[in-house]
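[1] generate a structure from the sequence data that follows.
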Amino acid sequence: MHDFRSLRVLQDAMDLVEEVYQVSKHFPDTEKFGLTSQIRRSSVSVPSNIAEGASRNSPAEFRHFLGIASGSGGELLTQLMLAQRLGFVEEASISPCIEKIEVINRMTSKLIHSLSKQSLVLST
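    You can find the predicted model right below:
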């Protein structure tokens with residue numbers, strides 16, 4: 001449906017993954033299979049779902065996967081906040097990630113809205 005590689009939201013989401021990996025590499029070794037793994041999977045889920053949705057056959061399917069990407073962003077935000085509360089990371093280290101999540105979620109929301117308008121035009 002779309003060339004997802006050119007989407008700004010995808011590029012920003014991939015940048016987020018890189019930042020999350022950098023932040024989480026400093027977590028305790030005891031969290032390797034716990035919060036570290038979960039945070040990394042959540043971060044990877046954001047661009048993965050954007051790409052999968054863009055590769056689908058309809059705007060409705062794309063919207064669905066954008067919603068999943070936004071949900072993964074919320075999950076990641078919560079996990080980063082937990083990591084801070086547990087003392088694995090300082091707020092200053094996760095602030096850039098949190099800002100990126102918020103920007104990405106705004107972008108996905110706008111894209112969902114745009115695709116909704118497109119669906120209305122196509123159905124009339």
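[2] shaky segments in the chain?
    Within the chain, the segments meeting pLDDT under 70 span 1-2, 118-124.
[3] in the chain, where's the longest helix?
    In the chain, with assignment by DSSP state H, the single longest helix is helix 91-123.
[4] what comes up buried for that one?
    Neighbour-count burial for helix 91-123, counted by 16 or more other C-beta atoms under 10 Å, picks out 93, 94, 97, 100, 101, 104, 105, 107, 108, 111, 112, 115. Heads up, the C-betas are built off the backbone N, CA and C, glycines and all.
[5] which element is the residue nearest to the third one when sequence neighbours are not counted on?
    Once its chain neighbours are removed from consideration, residue 97 has its nearest residue in residue 19; the separation is 5.2 Å (C-beta to C-beta, 6 or more residues apart in numbering). Assigned by DSSP states H and E, residue 19 belongs to helix 8-24.
[6] ok, residues contacting that helix?
    With contact meaning C-beta atoms under 8 Å, 6 or more residues apart in numbering, helix 8-24 is reached by 4, 36, 39-40, 43-44, 46-47, 50-51, 54, 69, 76, 80, 83, 89, 93-94, 96-97, 100-101, 103-104, 107-108, 111.
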